[in-house]
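1. Make a model of this:
(one chain, ligands or ions: 1)
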Amino acid sequence: MVIFHTIQELRAYLTERKHLKRGLVPTMGNLHAGHLALIKQAKANSDLVIATIFVNRLQFLPHEDFDSYPRTWDDDVQALSDAGCDILFAPNEAELYPEPQTYKVHPTPALADKLEGEFRPGFFTGVCTVVMKLFQIVQPDVAVFGKKDYQQLAVIRGMVRQFALPMQILAGETLRADDGLALSSRNRYLSVDERQAATSLSKTLRAMADAAQAPNADIQKIETHALQAMRDKGWQPDYLTIRTQHGLEAIDPARREPWVVLGAARLGKTRLIDNLEF
Ligand code: PAF
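-> Residues are numbered from 1 along each chain as shown. So this is what the prediction gives:
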């Protein structure tokens, strides 16, 4: 695996390999098996896999964990190399944002201002801006994003569609620990006790999905009950909600289209998100 820290060096290398189909996996590092599965998926769908590691300040609110976000460079390089990644692009902030990034991509509020966007205002503008910039630098044929960040995937798909970017977006399935906890870089913030308790999130989403499939299910009641149940267990949920997979709209129970249950909740200082399609 070759490693580049500058746009110029990366572009020069890619220009010499113009004929190869490029697969991009953008990350913020602290890689786990979920990321490596995305690398594998990129490998199966391209000739040249490019991973990026960049902790993007633009997508963090001032009180969030930008400074403490786990940075595990040596382990990440080893894991990517073992997974067969061809190129790692890891710019520093001065390289990617040499001047204040005042040109930004603002995704449609209808999709980006709810759920994550309601509780993390500006988050998807930060994500879209850096992802658009990485797309311009790498010019991938295929880019892979995990379904764990379900709304992010939907927002990026919308951006690619509306800007007619010549690439395909692939969705990677969420990887889970044996007890159901979705793999996430933020799991490492959990204490031993919190790690045990953390399974409640995926269990609650499962129970909500099961309840929603019962005849005459009252979706609002299911959501209210789930929020209270999580609070009773000591969590601070931001949202636990059942939406249409397409557009993440409130559902009309009379119309059975594909649904997804999404949740975000804080356990101690750690904010976890998860979702389940059904
Ligand atoms: O999902 C992530 O890790 C980040 O939001 C991404 C897509 C790498 C953009 O910084």
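2. Contacts only, for the residue nearest the centre of the chain.
-> In the chain, the C-alpha nearest the mean C-alpha coordinate belongs to Asp149, at 3.3 Å (C-alpha atoms, centre = their mean). Neighbour list for Asp149: Ile273 [criterion: C-beta atoms under 8 Å, 6 or more residues apart in numbering]. Just so you know, the C-beta spots here come from the backbone N, C-alpha and C atoms, and that holds for glycine as well.
3. how many other residues sit next to the residue nearest to Ala143 when sequence neighbours are not counted?
-> Spatial nearest neighbour of Ala143, excluding adjacent residues (C-beta to C-beta, 6 or more residues apart in numbering): Leu24 at 4.3 Å. The criterion is other C-beta atoms under 10 Å. On that basis, Leu24 has 28 neighbouring residues.
4. Could you list every helix and strand in contact with the helix or strand Leu24 falls within?
-> Using DSSP states H and E, Leu24 falls within strand 22-27. Helices and strands touching strand 22-27, by 3 or more C-beta pairs under 8 Å, 6 or more residues apart in numbering; DSSP states H and E, are helix 33-44, strand 48-53, helix 123-138, strand 142-146.
5. same thing but 6 Å
-> Using 3 or more C-beta pairs under 6 Å, 6 or more residues apart in numbering; DSSP states H and E as the contact test, the elements touching strand 22-27 are helix 33-44, strand 48-53, strand 142-146.
6. chain center to that strand: distance?
-> Centroid separation for strand 22-27 versus its chain: 13 Å, with C-alpha atoms, centre = their mean, to the nearest Å.
7. contacts for it?
-> Outside of strand 22-27, the residues within contact range by C-beta atoms under 6 Å, 6 or more residues apart in numbering are 35, 38-39, 42, 45-46, 48-53, 134, 138, 140-144.
8. just the CA coordinates of it, formatted as CSV?
-> What follows is strand 22-27, C-alpha atoms only, in CSV (Å, rounded to 0.1, in the frame of the first residue of the first chain):
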residue,chain,number,x,y,z
ARG,A,22,-11.1,3.4,-8.7
GLY,A,23,-12.9,2.4,-5.5
LEU,A,24,-13.0,5.0,-2.7
VAL,A,25,-13.6,4.3,1.0
PRO,A,26,-13.6,7.6,3.0
THR,A,27,-13.0,7.2,6.7
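9. so the closest residue to the ligand within the stretch 151-278 of the chain, which of the three states?
-> Closest approach between the stretch 151-278 of the chain and the ligand, counting by C-beta to the nearest ligand atom: Gln152, at 5.8 Å. Assigned state for Gln152: helix (three-state reduction, DSSP: H, G, I helix; E, B strand; the rest coil).
10. Next, the contact list for it, please.
-> Gln152 neighbours (C-beta under 6 Å, 6+ apart): Val127.
11. Could I get the average pLDDT for the strand holding Leu24?
-> Strand 22-27 carries an average pLDDT of 98.
12. Kindly point out the strands partnered with that strand and how each is oriented relative to it.
-> Sheet pairing for strand 22-27, assigned by DSSP bridges, gives strand 48-53 (parallel), strand 142-146 (parallel).
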